[in-house]
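1. here is the input, now give the coordinates:
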Amino acid sequence: MLDIREKSDVIVIGAGHAGCEAALACSRLGLSTVVFTMSADNIAFMPCNPHIGGSSKGHLVREIDALGGEMGKVIDKTFLQSKMLNTSKGPAVHSLRCQADKMEYSKAMRRVLEEQDNLTIKQAEVSEILFEDIEDETLRREGYKRRIIGVKIFSGIIYEAKAVILCTGTYLKSRCLTGEAITYSGPNGLLPSNYLSESLIKAGIELRRFKTGTPARMDGRSIDYSKMSEQFGDTPVIPFSFDTDPKDVQKPQVSCWLTYTNEKTHEIIRQNIDRSPIYAGIIEGVGPRYCPSIEDKVVKFPDHERHQVFVEPEGTYTNEMYIDGMSSSLPEDVQLAMYRTVPGLENCKIVKNAYAIEYDCLCPGQLHPTLEIKDIRGLFSAGQFNGSSGYEEAAAQGLYAGINASMQILGKDYIYIDRSEGYIGVLVDDLVTKENFEPYRMMTSRAEYRLLLRQDNADIRLRKKGYEVGLISEEKYKKLLLKEEQIQMEVDRLKKTVVGANARIQSFMEKNGSSPLKTATSLAELICRPEFNYENIKEIDPDREELPFDVTEQVEITIRYEGYIDRQQRQVEQFKKLESKLIPADIDYDDVSSLRLEARQKLEKFRPVNIGQASRIGGVNPADISVLIIYLDSLRRGQSDEN
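-> Residues are numbered from 1 along each chain as shown. Have a look, this model is predicted:
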């Protein structure tokens, strides 16, 4: 009776943020897709802070949207508060962040999946991946040993597929720790996935343990907000999605609140540090350095007298408040004592205790740049299984893996986004080439070309790729082309429009605190002055046409930062030269004489596809790259002589 075989093109394991984007991409590209989840009631669940975006993460959400993903559209419908971060700095680091209504976000994303053609949601635990040996010599030369043929769920039923995408999040053999209390569960008490890890190991995939954590949730009625600083959202609100009408996101916003820890808080933590699983040696997994627990903050930054604590709403359906900045795995009694030292939390009541969670994930060096597992054709992976952290990083990988799994099945070219094209490119490249020893978190500092990779121009950078793979419609693409044309025409007009040093202009300059003109100058040159912008020179530019905000924003940035942008584009040209030097898939690094042993071992482990990627692998130095380039040139000359 159990020998039922269901067939589909793609199977996605997990319906978190990675799984949702992967499943939607595949189904929208015409492939029959099944997404498995441990709980259909927790699709796109936010077990940690219910917010989308933030520093550098906002860039990822905009890029997901530009490529045809869903995250930006859903948060535009379900946010409680919206803020553009880092506005006191340059546009390269401006990042949108929205506090989400946790339940509404999940419900909205589930509805999108339920209404999507070619997509089926299935609540079941996948216990085994199924594969067969590859005999095709061409594929074997590319490094493949096995081919995916499907999965088996815990009940024994087999689902056949041409591709499988692992989006298991923090559920593989997961356990939650609060002091000495250990619960063998997924996040927020959900069921863990206990059997798939063993199947992956049998398939030759190396796994490791990582950990992350979350703060307590408080009963909002027990909090004294009068002792905290109120944090308001932005007006007007800027939407995440390029397809959202800005008028649709102008709505009343919910406040967040800021308070601080103090020396009393820190003293309680220090006195009980031996009861923290992190410091007691109970936790095996490695945690994220850039999102530390409050214990880590107190131990590693002993000179800090206080740490920020943001008190943020979980949603309109509940009075639960999220205590951002105080993630912990301390015992429940210590947590309560610790939290009650914080101004405004003196009488707090904990609804859900803080906890650490550890789980199985992928060891580095096993991914192709397409996010396919190297040895097994058709097995892709995304999200926290790949060693990253964060909803946005997961969603970006899910979309990327979903597109490439689809391209493989459809016999089309893979999508590649390199480090000069998007934060997604930086994210994927770092996961593929670096030995990350902790959960990877996206940061603006990781992007070498961040002035080009701004959140405001993600559509200009990536929408064409979304159109080419089939996730962006002809109508949306034509709208982008019109926008680009309007930007260029307006930049050219401002450069050509000259104002003289007459009395009216000099009066305007004085009124705006700018030095007088000594000679005629263009409007573009005026915009480069810090006291001017596109909007406030309108007084001396009466003939201008009314243009959309997203156009004028690009016009101003293009003019103001033209020199810096040109310089970075020249750097990208050099970068592209190394990326274009391809390395044969079947290269034997033992044949490359003069290559250091460490470099040979690292190159063999990561199997880079080009010289640029090889140069970013730890343990491979510039001298090794020179040796490799000479070897590849000699190979090509030899092949030319044979022909």
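2. what distance do you get for residue 153 to residue 6?
-> In this view, residue 153 and residue 6 are 10 Å apart by Cβ to Cβ, to the nearest Å. Just so you know, the C-beta spots here come from the backbone N, C-alpha and C atoms, and that holds for glycine as well.
3. among the two, which residue is more densely surrounded?
-> residue 153 (18 against 15; other Cβ atoms under 10 Å).
4. show me the contacts for the more buried one.
-> With contact taken as Cβ atoms under 8 Å, 6 or more residues apart in numbering, residue 153 is in contact with 36, 124, 125, 126, 127, 159.
5. just flag the most distant two among these.
-> Spatially, the most separated pair among the contacts of residue 153 is 125 and 159, at 12.4 Å (Cβ to Cβ).
6. now do the same contact list for residue 139.
-> Per Cβ under 8 Å, 6+ apart, neighbours of residue 139: 147, 377.
7. A strand includes it, no?
-> No. With DSSP: H, G, I helix; E, B strand; the rest coil as the criterion, residue 139 is located in helix rather than a strand.
8. what is the helix or strand residue 113 falls within packed up against?
-> If you go by DSSP states H and E, residue 113 is part of helix 102-115. For helix 102-115, the packing partners by 3 or more Cβ pairs under 8 Å, 6 or more residues apart in numbering; DSSP states H and E come out as helix 17-28, helix 71-78, strand 119-123.
9. of those, which is nearest residue 542?
-> Proximity to residue 542 (Cβ to Cβ) singles out helix 71-78 among these, at 35.2 Å.
10. about what we covered before: export the helices and strands packed on helix 102-115 to CSV and tack on mean neighbour count?
-> Shown next, in CSV, are the helices and strands packed on helix 102-115 (neighbours: other Cβ atoms under 10 Å):
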stretch, mean neighbour count
helix 17-28, 30
helix 71-78, 25
strand 119-123, 17
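11. is it possible to export the ones you listed to JSON lines including distance to residue 138 and mean pLDDT?
-> Listed next are those as JSON lines, based on distance: least, Cβ to Cβ, whole Å; pLDDT from 0 to 100:
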{"stretch": "helix 17-28", "distance to residue 138": "25", "mean pLDDT": "98"}
{"stretch": "helix 71-78", "distance to residue 138": "37", "mean pLDDT": "98"}
{"stretch": "strand 119-123", "distance to residue 138": "32", "mean pLDDT": "98"}
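12. residue 141: which of the ones you listed is closest?
-> That would be helix 17-28 among the helices and strands packed on helix 102-115, by Cβ to Cβ, at 27.3 Å.
13. right, and residue 438 touches residue 285 too?
-> No. Counting by Cβ atoms under 8 Å, residue 438 does not reach residue 285; the two are 9.5 Å apart.
14. and the two? Which one has more around it.
-> For residue 438 versus residue 285, neighbours defined as other Cβ under 10 Å are more numerous around residue 285 (21 against 17).
15. which residues does the more buried one contact?
-> Residue 285 makes contacts with 208, 209, 210, 211, 358, 359, as judged by Cβ under 8 Å, 6+ apart.
16. show me which of the residues you listed is closest to residue 335.
-> Minimum distance to residue 335 across the contacts of residue 285 is 17.4 Å, recorded for residue 211 (Cβ to Cβ).
17. that closest one against residue 286, yeah?
-> Yes. The pair residue 211 / residue 286 is scored as a contact, 6.7 Å apart, by Cβ under 8 Å.
18. higher neighbour count, these two?
-> Counted by other Cβ under 10 Å, residue 211 and residue 286 do not tie: residue 211 has more neighbours, with 24 against 17.
19. if I look at the closest residue to the more buried one other than its chain neighbours, how far off is residue 437?
-> Sequence neighbours aside, residue 285 is the residue nearest to residue 211 in space, at 3.4 Å (criterion: Cβ to Cβ, 6 or more residues apart in numbering). Separation of residue 285 from residue 437 (Cβ to Cβ) stands at 11 Å.
20. before we move on, what about residue 156?
-> 38 Å.
21. go on, residue 286?
-> From residue 286 to residue 437 the distance is 6 Å (Cβ to Cβ).
22. what about the stretch 351-500 of the chain, any weak spots by pLDDT?
-> Residue ranges of the stretch 351-500 of the chain with pLDDT under 70: none are present.
23. show me the helices in it, by range?
-> Using DSSP state H, counting those that start in this stretch, the helices found in the stretch 351-500 of the chain span residues 391-410, 423-433, 458-469, 474-496.
24. most tightly packed of these?
-> Of all the helices of the stretch 351-500 of the chain, helix 391-410 has the most neighbours on average by mean count of other Cβ atoms under 10 Å, namely a mean of 28.
25. does residue 196 touch residue 127 like I think?
-> Yes. If you go by Cβ under 8 Å, residue 196 and residue 127 touch, sitting 6.1 Å apart.
26. between the two, point out the one with more neighbours.
-> A count of neighbours by other Cβ under 10 Å puts residue 196 above the other of residue 196 and residue 127, at 24 against 17.
27. tell me the centre residue of this structure?
-> Nearest residue to the geometric centre of the chain (Cα atoms, centre = their mean): residue 393, 2.2 Å.
28. who touches that one in this structure?
-> 57, 60, 383, 427, 440, 441, 442.
29. who are the contact partners of the nearest residue to residue 371 once chain neighbours are set aside?
-> Nearest non-adjacent residue to residue 371, counting by Cβ to Cβ, 6+ apart: residue 401, 4.2 Å away. Residues near residue 401 by Cβ under 8 Å, 6+ apart: 18, 22, 165, 167, 370, 371, 372, 380, 381, 382.
30. the first one contacts residue 390, correct?
-> Pointing back at residue 18 there. No. With contact defined as Cβ under 8 Å, residue 18 does not reach residue 390; the gap is 10.5 Å.
31. just give me the neighbour total for residue 87.
-> Residues contacting residue 87 under the criterion other Cβ under 10 Å number 12.
32. cool, and the one 4 residues further on?
-> Residues contacting residue 91 under the criterion other Cβ under 10 Å number 19.
33. pLDDT below threshold where in the stretch 51-200 of the chain?
-> Using pLDDT under 70, the stretch 51-200 of the chain has no residue that qualifies.
34. that one: strands as residue ranges?
-> Using DSSP state E, counting those that start in this stretch, the strands found in the stretch 51-200 of the chain span residues 51-53, 79-85, 95-100, 119-123, 126-133, 146-153, 158-160, 163-166, 175-178, 181-183.
35. just those strands: most buried one?
-> strand 163-166 (a mean of 30).
36. just to revisit the earlier point, what's the overlap in contacts for residue 438 and residue 285?
-> By Cβ under 8 Å, 6+ apart, residue 438 and residue 285 have these common neighbours: residue 210.
37. circling back: for the helix holding residue 113, C-alpha coordinates in CSV please.
-> Output of helix 102-115 as CSV, limited to C-alpha atoms (Å, rounded to 0.1, in the frame of the first residue of the first chain):
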residue,chain,number,x,y,z
LYS,A,102,4.7,38.0,12.3
MET,A,103,1.5,36.1,11.8
GLU,A,104,0.2,38.2,8.9
TYR,A,105,3.5,37.8,7.0
SER,A,106,3.3,34.0,7.3
LYS,A,107,-0.3,34.0,6.3
ALA,A,108,0.3,36.3,3.3
MET,A,109,3.2,34.2,2.0
ARG,A,110,1.2,31.0,2.5
ARG,A,111,-1.6,32.4,0.5
VAL,A,112,0.9,33.3,-2.4
LEU,A,113,2.1,29.7,-2.4
GLU,A,114,-1.4,28.2,-2.2
GLU,A,115,-2.6,30.3,-5.2
